[in-house]
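1. pasting the structure only:
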């Protein structure tokens, strides 16, 4: 080791010893020393000095959807090469031509609202029942008693008159 290296080592050792002694004298042995919060931030990548920074912020216009910048060599490679790009462009032009043929219909169908769940008669009946305050109590299938044998037809089904409860507007639940 050289003289400068030895001198540096002695200075570091002396500084470290002084720092340990100072830390030991500042803090009592039974107290806990709290450290300040440390904020860690990541390093940002260096800015490209040759990158173009447009000083004018331009928003899209009506014409931007029809404008297509010519592709660079990297983009040509990513799109599959010149032959594949030519095939895609030909298919695009053929699609535009097909759409101009008479009788062609657009493939996308507009959304249609479904009809309301109740027709006018059912809605009026529900409003009458609610206004009268007579909300019918529908018994569960387990609590209903089995119908008598003489009320079923040949197929084992109940006729329409026997299916209904006391209120002709409210149908009783069918036994399962």
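-> Nice, thanks for sending it over. Predicted model only: the values in this text are computed from it and were never measured.
2. quick one: low-confidence parts of this protein?
-> For the chain, residues meeting the criterion pLDDT under 70 lie at 1, 4-5, 7-8, 11-29, 134-176.
3. ok, now with 50
-> By pLDDT under 50, the low-scoring segments of the chain are 141-143, 147-149, 161-162, 164-166.
4. What about residue 85, how many residues nearby?
-> As a burial measure, residue 85 scores 14 neighbours (other CB atoms under 10 Å). All C-beta atoms are positioned from the backbone trio N, CA, C, and that covers glycine.
5. Next up, the contacts around it.
-> The contact partners of residue 85, by CB atoms under 8 Å, 6 or more residues apart in numbering, come to 71, 76, 79.
6. So what touches the strand or helix carrying residue 75?
-> In this structure, residue 75 sits in helix 73-78 according to DSSP states H and E. Taking contacts as CB under 8 Å, 6+ apart, the residues outside helix 73-78 that touch it are 82, 85.
7. Can you point out the buried residues in that helix?
-> Judged by neighbour count (16 or more other CB atoms under 10 Å), helix 73-78 contains no buried residues.
8. Can you name the element that comes right after that helix?
-> With DSSP H and E setting the assignment, the helix or strand that follows helix 73-78 is helix 81-99.
9. After that following helix, which helix or strand is next?
-> As the chain continues past helix 81-99, the following element, by DSSP H and E, is helix 120-132.
10. Now do that next one: which elements does it pack against?
-> The elements that helix 120-132 packs onto, with contact taken as 3 or more CB pairs under 8 Å, 6 or more residues apart in numbering; DSSP states H and E, do not include any helix or strand.
11. picking up where we left off before, with respect to residue 103, which of the contacts of residue 85 is nearest?
-> In terms of CB to CB, no member of those lies closer to residue 103 than residue 79, at 33.4 Å.
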